[in-house]
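Undergrad: quick one: sequence plus predicted model below, questions after.
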Amino acid sequence: GGSGGGSGGGSRAGAEAAAVAEGVAKAGDSSGPDSAFSWSGAVVMELGAGLGLASIVAAQMGARVYCTDGDLLVVDMCGANVRANTAHLPDQQQQRQQQQQQQQQ
């Protein structure tokens, strides 16, 4: 069996991903006076990433993120989602420019 094939599994997984992403965002909220944690420079590995929502949130907050899943199609989709939703970040723009320069050489 693959992932998300059960009855209602997709919406349950989506709700769980949203809850994880909300938790990541709250944990990284550096606006409060007691907040000492910053995602900038953190390395995050999401296991069973699915859509990659928590990875996207962590990346947007400055973490270097690795998405993993047991299904290669899911890994490809997760990577596409992360790239599409973090393309505006300065590090991502630099990486794309470097890749383009390497391809031209």
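TA: On my side now, so go ahead.
Undergrad: which stretches of this structure form helices?
TA: 9-27, 53-60, 72-86, 90-104 (DSSP state H).
Undergrad: quick one: average pLDDT of the first one?
TA: The one in question is helix 9-27. In this model, helix 9-27 has a mean pLDDT of 66.
Undergrad: same question, the shortest one
TA: Helix 53-60 carries an average pLDDT of 84.
Undergrad: can you list contacts of it?
TA: Helix 53-60 has contacts (Cβ atoms under 8 Å, 6 or more residues apart in numbering) with 17-18, 20-21, 23-25, 28, 39, 42, 44, 46, 49, 65-67, 78, 81-82, 85-86, 89. The way it works is simple: take the backbone N, C-alpha and C, and place the C-beta from them, glycine included.
Undergrad: you'd agree A49 is up against V74?
TA: Yes: shown here, A49 and V74 form a contact pair, counting by Cβ atoms under 8 Å, at 7.2 Å.
Undergrad: between those two, tell me which one has more neighbours.
TA: Set side by side, A49 and V74 show more neighbours around A49, with 25 against 20, by other Cβ atoms under 10 Å.
Undergrad: how far away is the more buried one from D69?
TA: Applying Cβ to Cβ, to the nearest Å, the value for A49 to D69 is 5 Å.
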